[in-house]
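Enquirer: Whatever this is, show me its structure:
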Amino acid sequence: MRLIILAVGDRIPAWAEAACGEYARRMTREARLQIVPIRPEKRVGLTAAQVRSAEAERLLARCPPGTLRVALDERGRQVDTRELTDLLAGWMQAGRDVAFFIGGADGLDAGLLAQADLRLALSRLTLPHALARVLLTEQLYRAASLIAGHPYHRG
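Expert: Predicted structure coming up:
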């Protein structure tokens, strides 16, 4: 299965790029991780809603058909590591690819949120874009490690 992180933002700090790359490299063959940067919309003369709408079109255009859609949203369902592991195990058993949407500075479009199969919150805090990517990749790696019986998770 593929785990695809579709993330608005094309200028990620080197530390975040390195961290995401390291966790992606460590993923098991059963759950390959791919990060797809999505160009943010230029804000000149546009409302926040127009920016979110344009970015949603780009996100959805890069989402493969039939993929389970998970929107990251601070108002989404909060899960702990074990619950995320259970979700990942279920997705792996179903054999479906999963796309995670990370919005830009203005968040995700309401229409995209409505189309999501699941809305997850990494935290109730508003996270910087780069940190959200790192946190998600690390937690996906941790969940895959738990499924594989790897000792990475000690909790």
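
Enquirer: Averaged pLDDT, stretch 42-62. What do you get?
Expert: Averaged across stretch 42-62, pLDDT comes to 96.

Enquirer: Go through it and flag the buried ones.
Expert: Within stretch 42-62, the residues that qualify as buried are 51-56, 58-60, counting by 16 or more other Cβ atoms under 10 Å. All C-beta atoms are positioned from the backbone trio N, CA, C, and that covers glycine.

Enquirer: Setting aside sequence neighbours, what's the nearest residue to residue 109?
Expert: Take residue 109 and drop its neighbours on the chain: the residue closest to it by Cβ to Cβ, 6 or more residues apart in numbering is residue 56, 3.6 Å away.

Enquirer: dump the residue contacts of the one you found.
Expert: Residue 56 is in contact with 108-109, 111-112, counting by Cβ atoms under 8 Å, 6 or more residues apart in numbering.

Enquirer: What strand or helix carries it?
Expert: Residue 56 is part of helix 48-61 when elements are defined by DSSP states H and E.

Enquirer: same thing with residue 120?
Expert: Using DSSP H and E, residue 120 falls in strand 118-121.

Enquirer: can I get the CA coordinates of that strand in PDB?
Expert: What follows is strand 118-121, C-alpha atoms only, in PDB (Å, rounded to 0.1, in the frame of the first residue of the first chain):
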ATOM      1  CA  LEU A 118     -11.800  10.800   7.800                       C
ATOM      2  CA  ARG A 119     -10.700  14.000   9.400                       C
ATOM      3  CA  LEU A 120      -7.700  13.600  11.800                       C
ATOM      4  CA  ALA A 121      -6.200  16.100  14.200                       C
END
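
Enquirer: Alright, calling it a day.
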